[in-house]
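1. pasted the sequence and its predicted model underneath.
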Amino acid sequence: MRQSYAENRKSERRHSSRMFFLRFFVGVLAVIILAMCVSSFLGQQDEFARLTAERRKLERERDLLYQQYESLNGLIEVADSDEYIERIARDYLGMAQPGEVLIITD
C-alpha cells in the first residue's frame with residue numbers, strides 16, 4: 001500500500017508539474033497575443049491619424065482649387081463681354097469705332 005501511495009504521489013507531482021508548465025505556456029501565449037493585438041491597434045491608430053491629416057490637406061487643396069476656378073470663371077465672363085473686347089481693341093490694337101478720330105501720341 002505504501003508503494004502505491006508513493007507512486008501515486010509521484011504521479012501527482014508529475015501531473016502538477018505538467019499543469020504548471022501548461023498554465024505558464026498558456027499565460028505566455030495569452031500575453032503575446034495581447035501584445036500583438038495592442039501593437040496592431042496602435043498601428044491602426046497611427047495610420048488613421050496619417051490618413052486623416054492627408055484628407056485635411058487634400059480638402060484644403062480642393063478648396064483652394066475651387067477658389068481659383070471661381071476666379072477664372074469670373075475672368076472668362078469679363079473677357080467674353082463686348083465692353084472688354086472693345087477696350088482691348090482700342091487700348092492694345094489701336095482700333096476705333098467708325099466716325100471716331102484716332103489720335104496717336106508718342
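-> Received, thanks. Numbering: from 1, shown residues only.

2. in PDB, list the C-alpha atoms belonging to the host helix or strand of residue 92.
-> Here residue 92, judged by DSSP states H and E, is contained in helix 82-93. Below are the C-alpha coordinates for helix 82-93, written out as PDB (Å, rounded to 0.1, in the frame of the first residue of the first chain):
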ATOM      1  CA  ASP A  82     -18.400  93.200 -75.600                       C
ATOM      2  CA  GLU A  83     -17.100  96.100 -73.500                       C
ATOM      3  CA  TYR A  84     -13.900  94.200 -72.600                       C
ATOM      4  CA  ILE A  85     -13.300  93.200 -76.200                       C
ATOM      5  CA  GLU A  86     -13.800  96.800 -77.300                       C
ATOM      6  CA  ARG A  87     -11.500  98.000 -74.600                       C
ATOM      7  CA  ILE A  88      -8.700  95.600 -75.700                       C
ATOM      8  CA  ALA A  89      -9.200  96.600 -79.300                       C
ATOM      9  CA  ARG A  90      -8.900 100.300 -78.500                       C
ATOM     10  CA  ASP A  91      -6.100 100.200 -76.000                       C
ATOM     11  CA  TYR A  92      -3.800  97.500 -77.400                       C
ATOM     12  CA  LEU A  93      -4.700  97.200 -81.100                       C
END
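
3. contacts for it, please.
-> 78, 79, 95, 96 (C-beta atoms under 8 Å, 6 or more residues apart in numbering). Any C-beta I mention is one placed from the backbone N, CA and C, and that applies to glycine too.

4. show me which positions of that helix end up buried.
-> For helix 82-93, burial by neighbour count (16 or more other C-beta atoms under 10 Å) applies to no residue.

5. model confidence over that helix, on average?
-> Helix 82-93 comes out with an average pLDDT of 88.

6. repeat that for stretch 21-37.
-> pLDDT averaged over stretch 21-37 gives 95.
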